[in-house]
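>>> Okay, sequence plus prediction incoming.
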Amino acid sequence: MFGPDFEQTLTQRKAEADEFYDVVIDPGVDAEARHVSRRAYAGLLWGKQFYRYDVEQWLDGDPASVPPPGQRKWPDGRNLHWQHLSLTDIISMPDEWEYPWFAAWDLAFHAIPLAHVDPEFVKERLVLMCREWSMHPNGQLPAYEWDFGDVNPPVHAWAAWHVYRIDGYRDRNFLTRIVTKLLLNFSRWVNRQDTAGSNIFEGGFLGMDNIGLFNRPAPLPPRFRLEQSDATSWMAFYAQQMIKIALELSRFDSAWDDTATTFWSTSSPSPEPWGPSARATSRSGTRRTASTTTCWCSRTAGPSRCGSARWSGCSRCWGPPRSQTGCGRSAPTWRTGWTGSAGDVPSWSGRC
């Protein structure tokens, strides 16, 4: 219908797509799973859209046109307190047709599967959410475009860790860039979302679009406070991801040991060693020194004791030295906890 040139181009593009997905999708995957994977990746790639939003410019309006309605700058005007935000970037949208808008936590979820296809793109997008023209000066990440100041679950560190893992545990520069920014975001959660200092966190719109009997982000009556079990769970999850990242970086730079202990008492529900030991660590200079220079299992008696000089160097807690795959990507088998049980990070297998 469109001539021989069209058919030739279409055939060429199909061959290029086949070649691309032969690399991206493991050859051991069966035909049906490959079919589903290709369409899933295609949908994610199609969701990469240009996003332009300068909040200050939007509030002020175009100087060459009719001034915007005054409601934009009312005390409760949309995104009035986010006038620093100015984005002109390609980002991953929740959906290119039904939901073509900015949503930071959707972007974080998308980053993990997209890391198999375009890891550099997703790494830069995750960092973008933390840059000074996106993240609020108080440390809050923008939520979604109709209310950047709303609260979404803190999944950014989790996404960053898994992107780092999928990309072969090799881009420590990315991991350092993201965690140093997220330290501010974590502090913002601790300082602003736990009014009573009880470690029962507040929030607003949290969870998987969970709907309650009332609007949780809405202001409460005087002297009332909403404490949420899901917000507390998300914060424990956040702390676990942050300590995981800090420990990974401490394998190469011992200064990160001190950052890891920041999340020590928050990242595990078990009473020992995380709870009382962490509190004792903060009270005793001697214990504090020991906690940052010895491994977990060296604090026990018996055959589990390894006596490693540093906790991130303990082969029982942290796993044996990393081997290398044929393409140069690391194949880690690090362990968590102080019992030597297998951790949650799988070894590299199959194609890179």
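It's in.
>>> buried set for the helix or strand where Asp257 lies?
Assigned by DSSP states H and E, Asp257 belongs to helix 256-262. By neighbour count on 16 or more other CB atoms under 10 Å, the buried set for helix 256-262 is 256-257, 259-262. (C-beta placed from N, C-alpha, C; glycine too.)
>>> tell me which of those is nearest to Pro27?
Of all these, Pro27 sits closest to Trp256, with 37.4 Å by CB to CB.
>>> Look up how far Tyr169 lies from that closest one.
15 Å (CB to CB, to the nearest Å).
>>> returning to what we had before: and the helix holding Asp257, what does it pack onto?
With contacts taken as 3 or more CB pairs under 8 Å, 6 or more residues apart in numbering; DSSP states H and E, helix 256-262 sits against helix 229-250, helix 285-293.
>>> For the stretch 151-300 of the chain, just list every one of the helices.
Secondary structure of the stretch 151-300 of the chain (DSSP state H, counting those that start in this stretch): helices located at 156-166, 172-192, 229-250, 256-262, 276-283, 285-293.
>>> So for the third one, mean pLDDT?
Spelled out, it's helix 229-250. For helix 229-250, mean pLDDT is 87.
>>> Packing partners of that helix?
For helix 229-250, the elements it packs on are helix 156-166, helix 172-192, helix 256-262, judged by 3+ CB pairs under 8 Å, 6+ apart.
>>> Pick out the shakiest of the ones you listed, pLDDT-wise.
helix 256-262 (a mean of 87).
>>> that older thread, output the helix holding Asp257 as PDB, nothing but the C-alphas.
What follows is helix 256-262, C-alpha atoms only, in PDB (Å, rounded to 0.1, in the frame of the first residue of the first chain):
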ATOM      1  CA  TRP A 256      30.200   4.500  54.800                       C
ATOM      2  CA  ASP A 257      30.200   2.300  57.900                       C
ATOM      3  CA  ASP A 258      29.100   5.400  59.900                       C
ATOM      4  CA  THR A 259      26.300   6.100  57.600                       C
ATOM      5  CA  ALA A 260      25.100   2.500  57.900                       C
ATOM      6  CA  THR A 261      24.800   2.700  61.600                       C
ATOM      7  CA  THR A 262      22.400   5.700  61.200                       C
END
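>>> Show me the shaky parts of the protein.
Low-confidence segments of the chain (pLDDT under 70): 1, 192-197, 199, 201-218, 226-230, 265-352.
>>> can you rerun that using 80?
Across the chain, the ranges flagged by pLDDT under 80 are 1-2, 74-76, 96-99, 151, 190-220, 224-232, 264-352.
>>> so where do the strands sit in it?
48-54, 86-92, 323-324, 330-331 (DSSP state E).
>>> will you turn the buried residues of helix 256-262 into TSV that also has distance to Trp101?
TSV is the format used below for those (distance: CB to CB, whole Å):
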residue	distance to Trp101
Trp256	36
Asp257	41
Thr259	34
Ala260	36
Thr261	39
Thr262	34
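>>> Not counting stretch 89-105 itself, show me its contacts.
Identification of contacts with stretch 89-105 by CB atoms under 8 Å, 6 or more residues apart in numbering yields 43-44, 46-51, 53, 87, 106-107, 110-111, 114, 121-122, 125, 128-129, 141-146, 152-153, 155-156.
>>> Now the terminal residues of that stretch, how far apart.
From its first residue to its last, stretch 89-105 covers 17 Å (CA to CA, to the nearest Å).
>>> Done for today, thanks.
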